[in-house]
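A.B. asks: Sequence first, predicted model second:
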Amino acid sequence: MDRATLAAAIDQTLLKPTVGYRAGAEWIEGSARRGFGALCVSPFLVPIAAQLLAGTPTKVCSVCAFPLGYANTESKAEEATHLVQLGCHEVDMVLNVAALVEADDDFVRDDIAAVVRSVADASPSAIVKVILETGYLEPPQIERACVLAVEAGAQFVKTSTGFGPRGASVDDVRIMRATVGPDIGVKAAGGIRDLDTALEMLAAGASRIGTSSGIEILEALDARG
């Protein structure tokens, strides 16, 4: 895989709760022109990310109902709308894990669909990625979550927040890709810190990699020649 293709598949991520405007701006400026598909930042940093990434192909991504997913549906939809209004191109929302575990499929589907509608109303070009938090789920639940996300109109499914019981696994990604088919994005995130792991996830069917180690991963690819 060439450098440009790999960079475009990476959502370079900064979601540490201790990072404010000054450190965030420095990080965004250091990541802005490396060809990443998106920079994923906390909602607090979306306005400055939108300002600093203007004129670049890199998208602004942020998170909704993060990291636990149990906010009320109306709150999720309002937060997602606000993120897009602030300049966000991609919204990574956490589904309601408890409702999924209890097999309340109608609630899960409606919860996701409300966010999808709110994002589309705010910007038809903006997209929604649904975080499943696969560390809490068994394979049949991962499959069901994927089906519900697709039925709700989401453009991506995503493995993990990075704040749950574990990060992404190759098995998660394979299950998700097999369930959603070729036309829905699959984002592997959580615990992906090196080139080999990133490539393994892409080979398993991921179309995006969420990582805070994007620069190091690209440097490792360069070092291999």
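C.D. replies: Perfect, thanks for sending it. What you are looking at is a predicted structure, and each value in this text was computed from that prediction instead of being measured. Numbers count the residues shown, from 1 in each chain.
A.B. asks: hey, let's count contacts and neighbours off CA atoms from now on
C.D. replies: Noted.
A.B. asks: Quick one: the helices in the protein, in order.
C.D. replies: Taking DSSP state H as the criterion, the chain contains helices spanning 3-8, 21-31, 46-53, 73-85, 97-101, 105-122, 139-151, 170-180, 195-204, 214-224.
A.B. asks: and those helices as JSON lines, adding mean neighbour count, distance to residue 37 and mean pLDDT?
C.D. replies: Formatted as JSON lines, these follow (neighbours: other Cα atoms under 10 Å; distance: least, Cα to Cα, whole Å; pLDDT from 0 to 100):
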{"stretch": "helix 3-8", "mean neighbour count": "17", "distance to residue 37": "4", "mean pLDDT": "98"}
{"stretch": "helix 21-31", "mean neighbour count": "15", "distance to residue 37": "11", "mean pLDDT": "96"}
{"stretch": "helix 46-53", "mean neighbour count": "20", "distance to residue 37": "12", "mean pLDDT": "98"}
{"stretch": "helix 73-85", "mean neighbour count": "21", "distance to residue 37": "17", "mean pLDDT": "98"}
{"stretch": "helix 97-101", "mean neighbour count": "17", "distance to residue 37": "27", "mean pLDDT": "98"}
{"stretch": "helix 105-122", "mean neighbour count": "20", "distance to residue 37": "19", "mean pLDDT": "98"}
{"stretch": "helix 139-151", "mean neighbour count": "19", "distance to residue 37": "22", "mean pLDDT": "98"}
{"stretch": "helix 170-180", "mean neighbour count": "20", "distance to residue 37": "19", "mean pLDDT": "98"}
{"stretch": "helix 195-204", "mean neighbour count": "18", "distance to residue 37": "14", "mean pLDDT": "98"}
{"stretch": "helix 214-224", "mean neighbour count": "15", "distance to residue 37": "11", "mean pLDDT": "97"}
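A.B. asks: Mind putting the ones you listed into JSON lines with distance to residue 65?
C.D. replies: Shown next, in JSON lines, are those (distance: least, Cα to Cα, whole Å):
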{"stretch": "helix 3-8", "distance to residue 65": "26"}
{"stretch": "helix 21-31", "distance to residue 65": "21"}
{"stretch": "helix 46-53", "distance to residue 65": "15"}
{"stretch": "helix 73-85", "distance to residue 65": "6"}
{"stretch": "helix 97-101", "distance to residue 65": "12"}
{"stretch": "helix 105-122", "distance to residue 65": "10"}
{"stretch": "helix 139-151", "distance to residue 65": "16"}
{"stretch": "helix 170-180", "distance to residue 65": "21"}
{"stretch": "helix 195-204", "distance to residue 65": "25"}
{"stretch": "helix 214-224", "distance to residue 65": "24"}
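A.B. asks: For residue 14, find the nearest of those.
C.D. replies: helix 21-31 (8.0 Å; Cα to Cα).
A.B. asks: Show me the residue at the heart of the protein, geometrically.
C.D. replies: Centroid-nearest residue in the chain, with Cα atoms, centre = their mean: residue 92, separated by 4.6 Å.
A.B. asks: what bridges to it?
C.D. replies: Residue 92 has these beta-bridge partners by DSSP bridges: residue 63, residue 129.
A.B. asks: need the contact list for residue 56.
C.D. replies: Neighbouring residues of residue 56 by Cα atoms under 8 Å, 6 or more residues apart in numbering: 32, 33.
A.B. asks: what are the phi and psi values for it?
C.D. replies: The phi and psi values for residue 56, taken as degrees, to the nearest 10, are phi -110, psi 160.
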